[in-house]
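Asks: Need a 3D model of the following:
(chains A and B)
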Protein chains: 2
Amino acid sequence: MSRFINVAAAQLGPIQRSDTRSEIIERLLAHLRQAHAMGCQLVVFPELALTTFFPRWYMEDPEEVDAFYEKEMPGPTTRVLFDTAAKLGIGFYLGYAELTVENGRAHRYNTSILVGQDGKIIGKYRKVHLPGHAEHEPWRAFQHLEKHYFEPGQSFDVWRAFGGVMGMALCNDRRWSETYRVMGLQGVEMIMLGYNTPVHNPPAPEHDDLSMFHNQLVMQAGAYQNGTWVVGVAKAGEEEGCEMIGGTCIIAPSGEIVAACSTKGDELAIARCDLDLCHSYKSTTFNFERHRRPEAYGLITSRRGAIAPADVEMSPA
Amino acid sequence: MSRFINVAAAQLGPIQRSDTRSEIIERLLAHLRQAHAMGCQLVVFPELALTTFFPRWYMEDPEEVDAFYEKEMPGPTTRVLFDTAAKLGIGFYLGYAELTVENGRAHRYNTSILVGQDGKIIGKYRKVHLPGHAEHEPWRAFQHLEKHYFEPGQSFDVWRAFGGVMGMALCNDRRWSETYRVMGLQGVEMIMLGYNTPVHNPPAPEHDDLSMFHNQLVMQAGAYQNGTWVVGVAKAGEEEGCEMIGGTCIIAPSGEIVAACSTKGDELAIARCDLDLCHSYKSTTFNFERHRRPEAYGLITSRRGAIAPADVEMSPA
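Replies: Next up is the predicted model:
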């Protein structure tokens, strides 16, 4: 059997703070049109695809901060994306900063949505693993204030769409095996994942030259270990003086990279993805019902941080 | 800071059924002596290192089966390993089939032990993730009857030894992200892992050419995502007509392979491992206390098999 979905991983080059929303959306529309011209049914955009990666700045003026958030989706400037999607019959995944008011209180999330080929929202995901820090750390050339600007999401969900089981994640989520597994346990067949990853990580600069290796390693392992497609899409290049990795790629359930971008700018990587390729992994090596052993996994949900055994030699078994 | 431990990954070539225990142990002793001569403190042997990989055969005669199991450890033929370890001041990890009687009932496990530089057992691990099948499947050229010959172990533990926090796993355990995470949550700094992996997987032959890629992928991801060393050691080559992968390697907390075997025979791969290299991962990107979100991981322990959502389109979020 085959269940094909033609997917475009729509990498974006840098977005400068001076770029207007309309200019940015024009770049997204160009990706939608080109992907449609090449027979795609789904376009995956990066995380925070409508703005610069603003958590790199510490800002105190609420008005300055809120300008980076979408108060409605679609809103006046983003509606054209939905209209174009419906007209072309092409769906998309989009990352953006979400500001929502519930019971008179404002909530801010690092969010992605999945939009169907009819231009309607199918599902929304709010980022669970917020990296970085909550307080201003002036010693850093660039902040990573996601814990300051966003509340964490609470769950990894999946949706029946595009003929399969679709899941969403964002950026740092991809480094955590739990992200893939929680969706794998819901039968996910394609995980869409946008990211903004600086080349330089100030707390551990000794790993900087490995950032592309780590980027691929975690997504390839997550794909293989759950028998799912993974579409990882970067905002790349030098954004406001901060260099970000590219590495946009589409990964098969085998863990193999089957399409990839090679620049740090706006670029499409396209693959014809057969969702039925998931089956041979999910039904053999990764037949969870047959082989998983949750009775040995208790610490994964009962413990947050690592606790090493007391510093004494154990007695013989 | 540095906390060095010099480790030898002691790959074994095939062990034929006609080989005597004494002949096999002589090969292990040769590894111990050579590793000691090269300044190692720890030697890691494969899974089921004292016998052929007997779960490839369906056997009905209890006496024939039980000949593959160790009834005591050390026993008459294995004691020389412990005595030599103590004499040389070199520790080892050893995989073997364990037969133990509790309350008059026999239990069989796929087991590994960690032995200290004084020749005394520090800890024992019983394989949690038993792959393969429980019933005879005559259509296979080679069986994979681990679910038939062994009971599963119940936990992943760690031990303070060799100046660090040491963990053990066996073969199929390495494909499961939970294996590494449960030990990561106990601060593990080095996971020792022996394996026997056939090149050919009868239920999914379409993946056979990827077996070495998958072998490295899962161990490298497990190392990086938990900031731990991983020492993966194969029994390799053509054993009783069944071809097994090699790929023995030592992986740093960065996920990089720092030493590897290049043959399918008895071979040592050696690395000087600094356990303090774990720290920069465990304290930054993989600072679990700071970044993990167990409240979103519930399915990992509450659900064994995958359950996909009902086959209907979801309503908009």
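
Asks: I'd like to know how many residues surround A:N201.
Replies: 17 (other C-beta atoms under 10 Å in any protein chain shown). The way it works is simple: take the backbone N, C-alpha and C, and place the C-beta from them, glycine included.

Asks: what's the distance between it and B:A260?
Replies: With distances taken as C-beta to C-beta, to the nearest Å, A:N201 is found 28 Å from B:A260.

Asks: Which parts of the stretch 101-250 of chain A are strands?
Replies: Secondary structure of the stretch 101-250 of chain A by DSSP state E, counting those that start in this stretch: the strands cover A:105-115, A:121-126, A:158-161, A:164-170, A:190-195, A:229-234, A:237-239, A:242-244, A:249-251.

Asks: any chance of those in JSON lines, plus mean pLDDT and distance to A:P46?
Replies: Listed next are the strands of the stretch 101-250 of chain A as JSON lines, based on pLDDT from 0 to 100; distance: least, C-beta to C-beta, whole Å:
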{"stretch": "strand A:105-115", "mean pLDDT": "98", "distance to A:P46": "10"}
{"stretch": "strand A:121-126", "mean pLDDT": "98", "distance to A:P46": "14"}
{"stretch": "strand A:158-161", "mean pLDDT": "98", "distance to A:P46": "20"}
{"stretch": "strand A:164-170", "mean pLDDT": "98", "distance to A:P46": "9"}
{"stretch": "strand A:190-195", "mean pLDDT": "98", "distance to A:P46": "4"}
{"stretch": "strand A:229-234", "mean pLDDT": "98", "distance to A:P46": "5"}
{"stretch": "strand A:237-239", "mean pLDDT": "98", "distance to A:P46": "11"}
{"stretch": "strand A:242-244", "mean pLDDT": "97", "distance to A:P46": "10"}
{"stretch": "strand A:249-251", "mean pLDDT": "98", "distance to A:P46": "13"}
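
Asks: Nearest to chain B among those strands would be which one?
Replies: Nearest to chain B, of all the strands of the stretch 101-250 of chain A, is strand A:121-126, at 3.8 Å by C-beta to the nearest C-beta.

Asks: wait, isn't A:D276 in contact with A:M190?
Replies: No. Counting by C-beta atoms under 8 Å, A:D276 sits too far from A:M190 to count as a contact (11.9 Å).

Asks: list residues touching both of these two?
Replies: Here A:D276 and A:M190 have no joint contacts, going by C-beta atoms under 8 Å, 6 or more residues apart in numbering or on different chains.

Asks: Pick out whichever of these two has more residues nearby.
Replies: Taking neighbours as other C-beta under 10 Å, A:D276 and A:M190 compare with A:M190 leading, 28 against 15.

Asks: residues touching that one, list them.
Replies: A:5, A:7, A:162, A:164-167, A:228-231, A:273, A:275 are the contacts of A:M190 under C-beta under 8 Å, 6+ apart.

Asks: Only alpha carbons, please: show stretch A:196-211 as PDB.
Replies: Output of stretch A:196-211 as PDB, limited to C-alpha atoms (Å, rounded to 0.1, in the frame of the first residue of the first chain):
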ATOM      1  CA  ASN A 196      15.300  28.800  15.400                       C
ATOM      2  CA  THR A 197      18.700  27.500  16.600                       C
ATOM      3  CA  PRO A 198      21.600  29.800  17.200                       C
ATOM      4  CA  VAL A 199      25.000  28.400  16.100                       C
ATOM      5  CA  HIS A 200      26.400  29.700  19.400                       C
ATOM      6  CA  ASN A 201      25.100  28.500  22.700                       C
ATOM      7  CA  PRO A 202      26.600  30.800  25.300                       C
ATOM      8  CA  PRO A 203      26.400  28.400  28.300                       C
ATOM      9  CA  ALA A 204      28.200  25.600  26.400                       C
ATOM     10  CA  PRO A 205      30.300  27.100  23.500                       C
ATOM     11  CA  GLU A 206      32.400  23.900  23.500                       C
ATOM     12  CA  HIS A 207      29.500  22.200  21.600                       C
ATOM     13  CA  ASP A 208      29.000  24.900  18.900                       C
ATOM     14  CA  ASP A 209      30.800  23.000  16.200                       C
ATOM     15  CA  LEU A 210      28.400  20.000  16.700                       C
ATOM     16  CA  SER A 211      25.100  21.900  16.400                       C
END
